[in-house]
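Colleague: based on what follows, work out the 3D shape:
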Amino acid sequence: MLARLRQVVGSDVETGPDGRPLVAPRSVDALAALLGTAGGEGWTVRIEGAGSWQTPDAPADLAVSTRRLNRILSVAPADLVASVQGGVTIRQLAERLADHQTVVGCDPPGSPDRTIGSVLATATAGPAAHRFGPIRESVLGSTIVTAEGKLVRSGGSVVKNVAGYDLSKIQVGGFGAFGIIVEVNLRLRALPAARRTVVAQGTLDRLFNAARALVAASVDATILELYATAPTDRWTLVVETSGTEQGAEIEEARARELAGLSFDPGDTRSTVHAFGEAMTEAPVTLRAGVLPASLPETADLFTESLGPGRISLSVGRGGLRWCGAPTAAATMAVRQQLAAREIPLTLERAPWAFRSAMGHFGAFREGVRPLSDRVRDVFDPKRLFVVALEGRANG
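Modeller: Here you go, the predicted structure:
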């Protein structure tokens, strides 16, 4: 196999830590040629980025890394659009965009050395989604390579492009099952002139009710997030306002007045970002698509059922993220309890044995699996990408 791979991609082939061939192509065309060859040979493929989020341990004939597809292709500040390759890291992109006084409206958990492709494939938005929405709302268009080596371009490169059905949205949260994201056009936001962060500590009920009061009063916050390291009765509420100096100050004052809490000055880096980076300190990360009103009881369920872990609650839009070291049996029990309440539980990251048993999505709702299968039939008809969308434990 190594000799055949070197015929296709030259010296970009090495032997990975698990003894399997690891290929990191330097161009999109080389990646397409590689996957075309793999498809013809029937080789299974494990997709890797920087290896800082998902454990690169799925069993496959070869591993394909996007780490060398790391070019920022263009930044157009006037149009608020950037075009980047999938192997560009969050840190690399943030530093480049800062030169143009712009940002991407997401702050994903994990290391800043995660790749854009990883963030999109797993749809792991962070607390800034309170203002900017889920990560798919920052995606204008994308280019992917299918398991057969075909290039598929979808979407566009302008903010107002809404014509037709945008296949790029399918890739967001697909965990690589529908192709490898090699290029993406991202919607940018203006870098705020000022950020003001305040934090308060207390019980979940008290802080949750205060945060919901801010939502009801339409306080213009960038971040409104609750954090805890469970089991504990002590939670932290983080409120970040941003914009002009005057605007951020006014909204902070409103938050202090309406919440009825004793806030202390905070720092986003030492709270929100530090907590997000710590999400990789335990082997399993989960997210639940829970509506705001049900967050406290869902948080209690996680704490009581899964043992010690870090937990964050997005009070404005809803959503819960948890990381820890649960057993598969306990996690499956929680998934079943949430399913009875029509709350989806996504397995964001875990060792292969865990995620292949559980599946990223678990059992699909009625009518969803046939749709998912049809999409995979288009992008990966031979199922060569090793991705556990639906686990063995789900039948």
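Colleague: quick one: low-confidence ranges for the stretch 51-200 of the chain?
Modeller: 156-166 (pLDDT under 70).
Colleague: can you give me the strands in it?
Modeller: Under the criterion DSSP state E, counting those that start in this stretch, the stretch 51-200 of the chain contains strands at 62-65, 72-76, 81-85, 102-104, 139-145, 151-155, 180-190, 194-202.
Colleague: need the ones you listed in JSON lines with mean neighbour count and distance to Thr122, can you?
Modeller: For every residue, glycine as well, the C-beta is placed using N, CA and C. Shown next, in JSON lines, are the strands of the stretch 51-200 of the chain (neighbours: other C-beta atoms under 10 Å; distance: least, C-beta to C-beta, whole Å):
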{"stretch": "strand 62-65", "mean neighbour count": "22", "distance to Thr122": "16"}
{"stretch": "strand 72-76", "mean neighbour count": "15", "distance to Thr122": "21"}
{"stretch": "strand 81-85", "mean neighbour count": "23", "distance to Thr122": "17"}
{"stretch": "strand 102-104", "mean neighbour count": "20", "distance to Thr122": "16"}
{"stretch": "strand 139-145", "mean neighbour count": "24", "distance to Thr122": "13"}
{"stretch": "strand 151-155", "mean neighbour count": "17", "distance to Thr122": "19"}
{"stretch": "strand 180-190", "mean neighbour count": "23", "distance to Thr122": "11"}
{"stretch": "strand 194-202", "mean neighbour count": "19", "distance to Thr122": "26"}
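Colleague: quick check: which of those strands is nearest to Ala274?
Modeller: Proximity to Ala274 (C-beta to C-beta) singles out strand 194-202 among these, at 12.2 Å.
Colleague: check contacts around the residue nearest to the spatial centre of the chain.
Modeller: Central residue of the chain (C-alpha atoms, centre = their mean): Thr124, 1.6 Å from the mean position. Residues near Thr124 by C-beta atoms under 8 Å, 6 or more residues apart in numbering: 53, 108-110, 118, 135, 287, 348.
Colleague: re the thing from before, closest one to Thr303 among the strands of the stretch 51-200 of the chain?
Modeller: strand 194-202 (16.4 Å).
Colleague: next structured bit after the closest one?
Modeller: Following strand 194-202 in sequence order, the next helix or strand is helix 204-216 (DSSP states H and E).
Colleague: and that following helix, what's its mean pLDDT?
Modeller: Averaged across helix 204-216, the pLDDT comes to 97.
Colleague: okay, buried residues for it please.
Modeller: Neighbour counts over helix 204-216 (16 or more other C-beta atoms under 10 Å) mark 204, 206-208, 210-212, 214 as buried.
Colleague: and these, which two are furthest apart?
Modeller: Leu204 and Leu214 (15.8 Å).
Colleague: please parse this structure into its domains.
Modeller: Segmentation of the chain into domains, based on automatic domain parsing, reads 72-190, 194-326.
Colleague: from these, which stretch is densest packed?
Modeller: With neighbours taken as mean count of other C-beta atoms under 10 Å, the domains of the chain reach their highest mean count in domain 72-190, at a mean of 20.
Colleague: how far off centre is that domain?
Modeller: On the basis of C-alpha atoms, centre = their mean, to the nearest Å, domain 72-190 sits 11 Å off its chain's mean C-alpha point.
Colleague: thinking again about what came up before, as TSV, the strands of the stretch 51-200 of the chain with distance to Gly247 would be great.
Modeller: TSV is the format used below for the strands of the stretch 51-200 of the chain (distance: least, C-beta to C-beta, whole Å):
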stretch	distance to Gly247
strand 62-65	43
strand 72-76	25
strand 81-85	25
strand 102-104	17
strand 139-145	27
strand 151-155	32
strand 180-190	12
strand 194-202	8
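Colleague: closest one to Glu14 among those?
Modeller: Here strand 62-65 is closest among the strands of the stretch 51-200 of the chain (C-beta to C-beta), at 9.7 Å.
Colleague: which outside residues touch the closest one?
Modeller: Strand 62-65 is contacted by residues 1, 5, 16, 18, 20-25, 31, 34-35, 38, 43-49, 51, 56, 87, 180 when judged by C-beta under 8 Å, 6+ apart.
Colleague: let's see it at 10 Å
Modeller: For strand 62-65, contacts defined as C-beta atoms under 10 Å, 6 or more residues apart in numbering pick out 1-2, 5, 9, 12-14, 16-18, 20-25, 31, 34-35, 38, 41, 43-51, 56-57, 87, 115, 145, 176, 180, 385-386.
Colleague: ranges for the helices of the stretch 151-300 of the chain?
Modeller: In the stretch 151-300 of the chain, the helices defined using DSSP state H, counting those that start in this stretch lie at 168-171, 204-216, 245-259, 274-277, 295-306.
Colleague: could you redo those as TSV and give each row distance to Arg374?
Modeller: Converted to TSV, the helices of the stretch 151-300 of the chain look like this (distance: least, C-beta to C-beta, whole Å):
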stretch	distance to Arg374
helix 168-171	11
helix 204-216	38
helix 245-259	46
helix 274-277	35
helix 295-306	32
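Colleague: and these: which comes nearest Ala129?
Modeller: helix 274-277 (12.1 Å).
Colleague: host element of the nearest residue to Leu286 once chain neighbours are set aside?
Modeller: Closest residue in space to Leu286, ignoring its immediate chain neighbours: Trp322 at 5.0 Å, by C-beta to C-beta, 6 or more residues apart in numbering. Using DSSP H and E, Trp322 falls within strand 320-324.
Colleague: chain center to that strand, what's the gap?
Modeller: With C-alpha atoms, centre = their mean, you get 13 Å for strand 320-324.
Colleague: just the angle for that strand relative to helix 295-306, thanks.
Modeller: Strand 320-324 and helix 295-306 meet at an angle of 20 degrees, taking axes from the mean of the first three to the mean of the last three C-alpha atoms, to 10 degrees as the criterion.
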